[in-house]
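Novice: Task: produce atomic coordinates for the following.
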Amino acid sequence: MVEVNTENTNGAVVANNGQSQNTEQKPEWKVKADELAKRIDGTLFVQLAYRSDQKHNCEPVLLSEKQTANIYPIVVDVPVGLIDPVFDYGKNVWIDSSQTGQARQIATLSADVAKIKDYQENEAKNKQADDKKNDQAIKLMTMISTQMGILNAKVDKISKSATTNPEPDAKTSTETDKPVQPVEGGNE
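Specialist: Below is the predicted model of the structure:
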């Protein structure tokens, strides 16, 4: 019996019976790195590193001296979870140059753009609400200023009339200087 296998969208091989088989393969650089790591014996080779330059995206190499920093073209940081890693010396990080890695980067960037758009929309709504509150506060302040102007005019008018027409003082009044006469026939 011949079994026909097909590849699904996740890259897994699916047998004709519909069951997935785990055929996830390691990238070529990872297979080579695993083989070279077995040769590190502490005498001739002491460390596994990676060459990343114009000719090599990620070429595992053995070093005879311990290196702690990424110095062009040798990178000591291990690329994790990448299919076709390339080291970005400007950012000091591995990036995935495979189609899958680029698709992940595009998805991440698209999600970031969506978040930024949502943030900008929320900020625009908040700004409109703040502008409306500010407009209401300005109208209220204008109304208060108008009322204060009217009150100041009335106070000025009253104070001017008080200085030009002084009211008689209680002590200078002739009516108040007269003694109060008892009322006859009142309650005794």
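
Novice: Mind giving me the packing neighbours of the longest helix along the chain?
Specialist: Secondary structure of the chain per DSSP state H: the longest helix is helix 99-164. With contacts taken as 3 or more CB pairs under 8 Å, 6 or more residues apart in numbering; DSSP states H and E, helix 99-164 sits against strand 93-96. All C-beta spots, glycine's among them, are computed from the backbone N, C-alpha and C.

Novice: can you rerun that using 7 Å?
Specialist: Judged by 3 or more CB pairs under 7 Å, 6 or more residues apart in numbering; DSSP states H and E, helix 99-164 is in contact with no other helix or strand.

Novice: tell me the domain boundaries of the protein?
Specialist: 25-97, 115-156 (automatic domain parsing).

Novice: Tabulate these (CSV), appending distance to Thr164.
Specialist: Shown next, in CSV, are the domains of the chain (distance: least, CB to CB, whole Å):
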stretch, distance to Thr164
domain 25-97, 84
domain 115-156, 12
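
Novice: And Met1, what's its pLDDT?
Specialist: Note on Met1: pLDDT of 37.

Novice: my bad, should have said Lys38
Specialist: For Lys38, the predicted pLDDT is 88.

Novice: now swap in Val4 and tell me
Specialist: Confidence score, pLDDT, at Val4: 41.

Novice: do Asp130 as well
Specialist: Reported pLDDT for Asp130: 91.

Novice: how close does it sit to Glu123?
Specialist: 10 Å (CB to CB, to the nearest Å).

Novice: got it, and Lys133?
Specialist: 15 Å.

Novice: possible to save the domains of the chain as JSON lines with distance to Arg104 and mean neighbour count?
Specialist: Shown next, in JSON lines, are the domains of the chain (distance: least, CB to CB, whole Å; neighbours: other CB atoms under 10 Å):
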{"stretch": "domain 25-97", "distance to Arg104": "7", "mean neighbour count": "14"}
{"stretch": "domain 115-156", "distance to Arg104": "17", "mean neighbour count": "10"}
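
Novice: which residues of the protein score low on pLDDT?
Specialist: Applying pLDDT under 70 to the chain flags residues 1-24, 165-188.

Novice: again, only this time at 80
Specialist: For the chain, the stretches with pLDDT under 80 are 1-24, 42-43, 162-188.

Novice: Give me the residues contacting stretch 88-101.
Specialist: Residues from elsewhere that reach stretch 88-101 (CB atoms under 7 Å, 6 or more residues apart in numbering): Asn57, Asn70, Tyr72, Asp77, Pro79, Leu82, Ile83, Asp84, Pro85, Val86, Phe87.

Novice: gap between the fourth one and Asp130?
Specialist: Okay, so that is Asp77. From Asp77 to Asp130 the distance is 46 Å (CB to CB).

Novice: Spell out which residues sit in contact with Tyr50, please.
Specialist: Cys58, Glu59, Pro60, Val61, Val75, Pro79.

Novice: And for Ile158?
Specialist: Ile158 sits in contact with no residue, where contact means CB under 7 Å, 6+ apart.
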